[in-house]
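Engineer: Sequence first, predicted model second:
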Amino acid sequence: SRTQENLVGRIDTLLLGKKQIDADTLEELEEILITADIGVATSVELIRTLEQRLKRNELQDGEALKRALREEILARLEKHAAPLDIASATPFVIVVIGVNGVGKTTTIGKLANRYALSGKRVLLAAADTFRAAAAEQLEIWGERAGVDVIRHQEGADPSAVVFDACKAALARKADLLIIDTAGRLHTKINLMEEMKKIRRVVGREIPGAPHETLLVLDAATGQNAISQAKLFKEAAEVSGVALTKLDGSAKGGIVVAVSNEFQLPVRYIGVGEGVDDLRDFEPQQFVAALFQ
Amino acid sequence: MFENLSDKLDLVFKKLRGQGVMTEENVKDALREVRLVLLEADVNFKVVKDFVEKVRSRAVGTEVLQSLTPGQQVIKIVHDELVALMGGGEDNSLDLAAKPPVAIMMVGLQGAGKTTTCGKLARYLKSQRRRPLLVPADVYRPAAIEQLKTLGRQLSIEVVDARADQDPVDICRNALQYAERSGFDTVIFDTAGRHQIDDFLMDELVRIKGAVEPREILFVADAMTGQEAVNVASGFNDRLDITGVVLTKLDGDAKGGAALSIKAVTGRPVKFAGIGEKLDALEVFHADRLVSRILGMGDVLTLVEKA
Ligand SMILES: Nc1nc2c(ncn2[C@@H]2O[C@H](COP(=O)(O)OP(=O)(O)OP(=O)(O)O)[C@@H](O)[C@H]2O)c(=O)[nH]1
Ligand SMILES: Nc1nc2c(ncn2[C@@H]2O[C@H](COP(=O)(O)OP(=O)(O)OP(=O)(O)O)[C@@H](O)[C@H]2O)c(=O)[nH]1
Ligand SMILES: [Mg+2]
Ligand SMILES: [Mg+2]
């Protein structure tokens, strides 16, 4: 049944009838962590830490083990947790990047709505000029949030859109400029170069920008998210993560690895397709859900 | 960074040299390595467990050959069993053997690649001298209808007119009648992305299915999907009885182990692979290629095949 298949259920099954925790138990626990999409390196690291705690006699029984595991995961997420402070620069510029279909445009729509509601002057840039109807999609989100969208024709140079958007943001005294980029797989060198160029144009037009490069990850993604984070970080100095689609059955375990291995804060979570379905990331709540 | 399975297994079998039989004992460590490789490739843990059991029972007691290291021998078993699990050799062609217009329905999670695959499939069918019609039945995602229309324009393939305030079931029913009247022989229905736990939207798919009686219901899955693939695929399959799978975004570096999970829980063949954003980036799926990708070992396999 379902409960036996989630993280806690499987740990419980593992511990069933075990009088004490030993190295074999921890080896099996390592596999269970990997299968919560927590990632191999982080799972191994967690197990090493638990081994030390075992040696210090801190893990008398199953409950203690589970508590320790929760603490260790939470500590790793909290270590990098930091909400985004968009008041630290004007205009504050966010470039949103990620692989295809993770939820970049939708997350931008939600962010625009949130900050427009809090009284900020928000501007959006449709720098995905490749995907069919990408700009139309962003425009609908702009309407929903009541904010303007700078766009060009399909097939136009994304850097040119970004150039115009930066000029417009300065001229209109925007507080926040959010740039939507086309989905791209992190292994495609030419597309990664195009993204770097977008960031260069932003930096030239607005010194100090982009202030945030937000990598969007899909909660249903498995181990590949680690490769995504690695290559996007190398190419674009990713500074934060948004985790989408947490309203489904996936728990997004992979952000534990991404946050831990690349020292990245998770800023937001997406919990639906509506304009209000964006939350700040709360490590406590996230770990609680992971263990539910 | 990337140690391959064959090196790891050779290390495990260091003690066993070109003689004797494989025992429970010396296969145990090798199987742990196999398990980890599969888990790292996102194959679901339950699928891995059953699979490793199969490999164990085949490996234990077999004689160690002169021509292969024991590691290579285990890999051969793993490879063959994975191809079998993936349905290697079975018919995975698109089934259009019905009275036209034949309906094909695309379903799956948000952002999996349904709309793009509709375009790719329409292009592919057109190249097969069929006359496809595209139907936008996603009234939820902003500009989803416009997205499909744009693809249709690029391909010179007709896309039915629809508005976001219409009922998706009506759109589909009307489109099928239109196709019949207008001599289209294949109709591809693009549906909105949804979670398998969303009862309202899953119900909508069931109603569309009832209205258009599709010959094919293709579950579109992202190759980067993790352990959840099992829950998602069984959720869709339980409600819709899918007929096949399209695995998208294989042009990246994802191993695509989710495909094994999906195949294991649905029993349905993967029919196509998406290998890019462009409309010609669609391939007929090959089980053995996916398996080599998961095991990360083109070269070792050629060696093994000679044995
Ligand atoms: N349920 C749910 N769906 C989401 C969430 N975020 C995005 N989506 C859906 O995911 C799909 C893809 O979202 P987009 O915003 O278009 O993704 P994208 O990253 O911009 O896609 P590309 O530009 O094509 O790379 C859409 O159907 C969205 O409605 C979320 O938090 N929950
Ligand atoms: N690299 C790559 N990208 C793909 C592939 N298939 C689809 N995409 C991209 O993935 C993103 C999502 O594709 P869509 O076709 O919009 O996905 P969808 O399932 O219709 O999304 P929703 O309708 O929002 O649920 C787009 O950016 C596509 O260009 C593929 O095989 N490779
Ligand atoms: Mg987008
Ligand atoms: Mg779509």
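Structural biologist: Received, thanks. Ligands and ions are numbered 1, 2, ... in the order given.
Engineer: Spell out which residues of the stretch 201-307 of chain B are next to chain A.
Structural biologist: Neighbours of chain A within the stretch 201-307 of chain B, by Cβ under 8 Å from any Cβ of the partner chain: B:222-229, B:231-232, B:235, B:249, B:251-255, B:257-258, B:277. Bear in mind the C-beta positions are built from the backbone N, C-alpha and C, glycine included.
Engineer: Which ones among those map onto strands?
Structural biologist: Using DSSP state E, B:Asp222 are the members of those that sit in strands.
Engineer: Now, of the residues of the stretch 201-307 of chain B next to chain A, which are buried?
Structural biologist: Neighbour-count burial (16 or more other Cβ atoms under 10 Å in any protein chain shown) applied to those gives B:222-229, B:231-232, B:235, B:249, B:251-255, B:257-258, B:277.
Engineer: in what helix or strand does B:Ala273 lie?
Structural biologist: strand B:270-274 (DSSP states H and E).
Engineer: All the helices of the chain, residue numbers only.
Structural biologist: All of this is about chain A. A:2-5, A:7-15, A:23-34, A:40-55, A:62-80, A:104-117, A:134-145, A:158-171, A:189-205, A:224-236, A:254-262, A:283-290 (DSSP state H).
Engineer: That was the other one, I meant chain B.
Structural biologist: Secondary structure of chain B by DSSP H: the helices cover B:5-12, B:24-40, B:45-59, B:70-85, B:114-127, B:144-155, B:168-182, B:199-212, B:229-240, B:258-266, B:287-295, B:298-306.
Engineer: Next, count neighbours for residue 189.
Structural biologist: Because you didn't say which chain, this covers chain A. Per other Cβ atoms under 10 Å in any protein chain shown, the neighbour tally for A:Ile189 reads 10.
Engineer: other chain: chain B
Structural biologist: Look at B:Phe189: counted by other Cβ under 10 Å, it has 30 neighbours.
Engineer: cool, and A:Val275?
Structural biologist: Using other Cβ under 10 Å, A:Val275 has 16 neighbouring residues.
Engineer: likewise A:Asp280?
Structural biologist: Counted with other Cβ under 10 Å, residues neighbouring A:Asp280 total 13.
Engineer: what do you get for B:His195?
Structural biologist: Neighbour count for B:His195, taken as other Cβ under 10 Å: 22.
Engineer: ok, the closest residue in space to it that isn't next to it in sequence to A:Asn113 distance?
Structural biologist: The shortest distance from B:His195 to any non-neighbouring residue, by Cβ to Cβ, 6 or more residues apart in numbering or on different chains, is to A:Gly248 (3.9 Å). Counting by Cβ to Cβ, to the nearest Å, the separation of A:Gly248 from A:Asn113 is 21 Å.
Engineer: For ligand 3, what's the nearest residue on chain B?
Structural biologist: Nearest to ligand 3 in chain B, going by Cβ to the ion, is B:Gly111, at a distance of 9.0 Å.
Engineer: where does that residue sit relative to chain A, distance-wise?
Structural biologist: Taking Cβ to the nearest Cβ, to the nearest Å as the measure, B:Gly111 falls 3 Å from chain A.
Engineer: Could you measure from that residue over to ligand 4?
Structural biologist: 8 Å (Cβ to the ion, to the nearest Å).
Engineer: For B:Pro191, give me its contacts.
Structural biologist: Slight slip there: residue B:191 is Thr, not Pro. Counting by Cβ atoms under 8 Å, 6 or more residues apart in numbering or on different chains, B:Thr191 makes contact with B:Met105, B:Met106, B:Val107, B:Lys114, B:Ala137, B:Asp138, B:Pro168, B:Leu205, B:Ile208.
Engineer: now do A:Leu54
Structural biologist: For A:Leu54, the contacting residues are A:Ile21, A:Asp22, A:Ala23, A:Leu26, by Cβ under 8 Å, 6+ apart.
Engineer: of all those residues, which comes closest to ligand 3?
Structural biologist: Set against ligand 3, the nearest of those by Cβ to the ion is A:Leu26 (42.0 Å).
Engineer: Was I right to think the closest one contacts A:Arg48?
Structural biologist: No. Using Cβ atoms under 8 Å, A:Leu26 is not in contact with A:Arg48; the gap is 9.1 Å.
Engineer: okay, these two: which has more neighbours?
Structural biologist: More neighbours surround A:Leu26 than the other of A:Leu26 and A:Arg48, with 18 against 12 (other Cβ under 10 Å).
Engineer: Identify the residues contacting the more buried one.
Structural biologist: For A:Leu26, the contacting residues are A:Ile47, A:Leu50, A:Glu51, A:Leu54, by Cβ under 8 Å, 6+ apart.
Engineer: Could you find the closest non-adjacent residue to the third one?
Structural biologist: Residue nearest to A:Glu51 in three dimensions, not counting chain neighbours: A:Leu26, with 6.0 Å by Cβ to Cβ, 6+ apart.
Engineer: where's the nearest residue to B:Thr150 once chain neighbours are set aside relative to B:Gly193, distance?
Structural biologist: What sits nearest to B:Thr150 in space, not counting adjacent residues and going by Cβ to Cβ, 6+ apart, is A:Ala132, at 3.7 Å. Distance, A:Ala132 to B:Gly193, by Cβ to Cβ: 15 Å.
Engineer: try B:Leu148
Structural biologist: Applying Cβ to Cβ, the value for B:Leu148 to B:Gly193 is 13 Å.
Engineer: Can you pull the residues that touch both of the two?
Structural biologist: Common neighbours of B:Leu148 and B:Gly193 (Cβ under 8 Å, 6+ apart) are B:Asp138.
Engineer: Which one of these two is surrounded by more residues?
Structural biologist: More neighbours surround B:Leu148 than the other of B:Leu148 and B:Gly193, with 28 against 22 (other Cβ under 10 Å).
Engineer: contacting residues for that one?
Structural biologist: A:Ala132, B:Thr115, B:Cys118, B:Gly119, B:Leu134, B:Pro136, B:Asp138, B:Val159, B:Asp190.
Engineer: now the chain, which segments are flagged as low pLDDT?
Structural biologist: You didn't say which chain, so I picked chain A. Along chain A, segments meeting pLDDT under 70 span A:1-4.
Engineer: wait, I meant chain B there
Structural biologist: Judged by pLDDT under 70, the stretches of chain B that qualify are B:1-3, B:14-19, B:297-307.
Engineer: Pull the number of nearby residues for the residue of it found nearest ligand 4.
Structural biologist: Nearest to ligand 4, among the residues of chain B, is B:Thr115, at 3.3 Å (Cβ to the ion). Using other Cβ under 10 Å, B:Thr115 is surrounded by 29 other residues.
Engineer: That one and chain A: what is the separation?
Structural biologist: 8 Å.
Engineer: these two touch, right, that residue and B:Ile188?
Structural biologist: No. Using Cβ under 8 Å, B:Thr115 is not in contact with B:Ile188, being 10.3 Å away.
Engineer: how about A:Met195, what does it touch?
Structural biologist: The contact partners of A:Met195, by Cβ under 8 Å, 6+ apart, come to A:Ile97, A:Thr181, A:Arg184, A:Ala235, A:Ala236.
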